[in-house]
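Visitor: give me coordinates for this.
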Amino acid sequence: MLSFKTVTVLAEVSFWVCTALVVYVYAGYPLLIWIASRIFGTAPKASESNHWPFLSVVIAAHNEESVIGERLQNLLALDYPAHQLEIVIASDGSTDRTCDIVRACGAPNVRLLEFAKNRGKAAVLNDAVALARGEILVLSDANTMMAPNAARQLARWFSHEEIGVVCGRLVLVDQTSGQNADGVYWKYETFLKCSEARLGALLGANGAIYAMRKSLYPGLPNRIAVDDFVIPLLAHLTSGRRIEYDADAIAYEETPLEIRSEFARRSRIGAGGFQSLSLLWPLMNPARGWVALSFVSHKVLRWICPFFLVGALLTSLLLSTDPLYRVALGTQLVLYTTALAGYLWPRLGSGYRVAKLPTMFAAMNLALLAGFFTWAARRQGGAWARTARISG
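Guide: This is a model prediction of the structure:
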């Protein structure tokens, strides 16, 4: 039997370890990677060239009749030589009018790949990429709209042989006003991408807009859920080529109206993250330098951060007879109560603005926790779950 003193010491150590890891994940690592990027990093520059590689824009679509027509018009309006651009719409067993709309488009550089059976995005991407004619793939979503110069911005990087993947910037747009809805969280993530990119340690891409050499496309297991995370990192693992970030290659997506729409996406990301470790674990090798630091700090530790939060809450409750830990417990309870209020009453005007960040933080970590149990129960697959991002 452990003595009371031993239990108390273990609880105290657990509290401070859990608290320190949470602080490191969300504050310490961003500060560390920013400082490192300024001291050791470089700002990569794309080449200006009159040579434009043949691009294949590949979109896997499942029941996208509400957006696919507008998306085709958006892609046909890209400022890129038409004879060097093909648009591949791969329908994954769509049962609505998606295929009819694509067929009716009539543009000579639009190709419809109609797969009768719904198999999931990874399987469809594998088949679509194999049939794509371009030397460079541009992967995107049906509900994304690209800026007219986005294809040129992405393509100009590939004159550098050391570059394998280029990630563009996603701008979130409010559904109601049509205005830029990038919030604190999204700006925070963009800040991390920029810092990591300077160190050659960018992790994955944004499924809304990224480009890669077709020769590096790794092929995916059919049940992979986070394809835009796994594909670039597998390409990096197998080739050693860099993943770059181009903030001027812009795509737009609408944000969901309710935070609960983000919960399913975050849960899926969490489950997909744990799932991806079976493929990406070599990235944790310290010999990989900044990539290993970023992968462990920005991804792995964040995925398991919900357990640190639970640990900090339970140990502070256990130690609450001590005034210090009573304050720590009270602080956590206030934050979680504020988060719950923000979720239950999301339209409280200025009051909700105060609660929004705690609400998003708590919801994100709860979703990641749910994702862990989905992965542990082996229920995570590659089924469709397209959801717009929330702004933060």
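Visitor: can you map out the helices along the stretch 51-200 of the chain?
Guide: With DSSP state H, counting those that start in this stretch, the ranges of helices along the stretch 51-200 of the chain come out as 68-76, 98-105, 121-131, 150-155, 184-198.
Visitor: report the buried residues of the fourth one.
Guide: Within helix 150-155, the residues that qualify as buried by neighbour count (16 or more other CB atoms under 10 Å) are 150-155. Where C-beta positions appear, they are placed from N, C-alpha and C, glycine not excepted.
Visitor: mind telling me what element Lys47 is part of?
Guide: For the record, residue 47 is Ser, not Lys. Applying DSSP states H and E as the criterion places Ser47 outside every helix and strand.
Visitor: for it, phi and psi?
Guide: phi -80, psi 150 (degrees, to the nearest 10).
Visitor: who's in contact with it?
Guide: 156-157, 159-160 (CB atoms under 8 Å, 6 or more residues apart in numbering).
Visitor: please repeat the previous calculation with a cut-off of 10 Å.
Guide: Residues in contact with Ser47 (CB atoms under 10 Å, 6 or more residues apart in numbering) are 156-160, 163.
Visitor: what sits against Ser316?
Guide: 11-12, 14-15, 18-19, 322, 324-333.
Visitor: cool, Phe361 as well?
Guide: 26, 185, 305, 309, 335-336, 339, 392.
Visitor: can you say which of these are buried?
Guide: 185, 305, 309, 336, 339, 392.
Visitor: of the residues you listed, which is the nearest to Pro30?
Guide: Tyr185 (12.2 Å; CB to CB).
Visitor: out of the buried ones among the contacts of Phe361, list just those in helices.
Guide: Among the buried ones among the contacts of Phe361, the members found in helices (DSSP state H) are 185, 305, 309, 336, 339.
Visitor: show me what the helix or strand where Ala292 lies is packed against.
Guide: Per DSSP H and E, Ala292 falls inside helix 290-294. Here helix 290-294 touches helix 29-40, helix 184-198, helix 227-239, going by 3 or more CB pairs under 10 Å, 6 or more residues apart in numbering; DSSP states H and E.
Visitor: to His51, which of those lies closest?
Guide: Comparing these under CB to CB, the one sitting nearest is helix 227-239, at 21.6 Å.
Visitor: quick check: end-to-end length of stretch 310-326?
Guide: 16 Å (CA to CA, to the nearest Å).
Visitor: can you give me the buried ones in the lengthiest helix in the chain?
Guide: If you go by DSSP H, the chain has its longest helix at helix 350-376. Counting neighbours by 16+ other CB under 10 Å, one finds that the buried residues in helix 350-376 are 355-372, 374-375.
Visitor: kindly report the same for stretch 113-122.
Guide: For stretch 113-122, by 16+ other CB under 10 Å, it's 113, 115, 118-122.
Visitor: what of stretch 92-104?
Guide: Those would be 92, 94, 97-99, 101-102, for stretch 92-104 by 16+ other CB under 10 Å.
Visitor: closest to Ala292 among the residues you listed?
Guide: Closest to Ala292, out of all of these and judged by CB to CB, is Asp92, at 34.8 Å.
Visitor: that older thread, looking at the buried residues of stretch 92-104, which is nearest Arg241?
Guide: Scanning the buried residues of stretch 92-104 for proximity to Arg241, where the rule is CB to CB, the winner is Asp92, at 28.8 Å.
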